[in-house]
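Chemist: mind folding the following:
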Amino acid sequence: MTQACQRYYWLPVVDESSSHGLVRHAFAGRYIDAGANGESFCAKNFALAKPSEVDWIQAPSCQDCNSMLKELKG
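Modeler: As a prediction, this is how the structure comes out:
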């Protein structure tokens, strides 16, 4: 994602790169407007589903998404 984004949200999604099987990725826009799939700031496509509280606690944040957001904010 190269264009600046005013809004974004974090969401735990299924990602086999984590031992828990979930990783929190950042997505452009608002969660309420999200569809069934979305492209994260690290340019990966994921199925979007409602996570549990445990998913939020155990899923690590994607460092690539975090770095991209820091670059966008300057």
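
Chemist: for the protein, which helix is longest?
Modeler: Secondary structure assigned by DSSP state H gives helix 63-73 as the longest helix of the chain.

Chemist: now do it, average pLDDT.
Modeler: In this model, helix 63-73 has a mean pLDDT of 93.

Chemist: same question, stretch 13-25
Modeler: 90.

Chemist: what comes up buried for it?
Modeler: Neighbour-count burial for stretch 13-25, counted by 16 or more other CB atoms under 10 Å, picks out 13, 15, 22, 23, 24, 25. C-beta here means a position set from N, CA and C on the backbone, and glycine is covered the same way.

Chemist: sorry, back to before: send the alpha carbons of the longest helix of the chain over as CSV?
Modeler: Output of helix 63-73 as CSV, limited to C-alpha atoms (Å, rounded to 0.1, in the frame of the first residue of the first chain):
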residue,chain,number,x,y,z
GLN,A,63,6.1,-5.9,12.3
ASP,A,64,5.9,-5.2,8.6
CYS,A,65,2.5,-3.6,9.0
ASN,A,66,3.8,-1.6,12.0
SER,A,67,6.8,-0.4,10.0
MET,A,68,4.6,0.6,7.0
LEU,A,69,2.3,2.7,9.3
LYS,A,70,5.3,4.4,10.9
GLU,A,71,6.6,5.3,7.4
LEU,A,72,3.2,6.7,6.4
LYS,A,73,3.0,8.9,9.6
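
Chemist: now do it: which elements does it pack against?
Modeler: strand 22-28 (3 or more CB pairs under 8 Å, 6 or more residues apart in numbering; DSSP states H and E).
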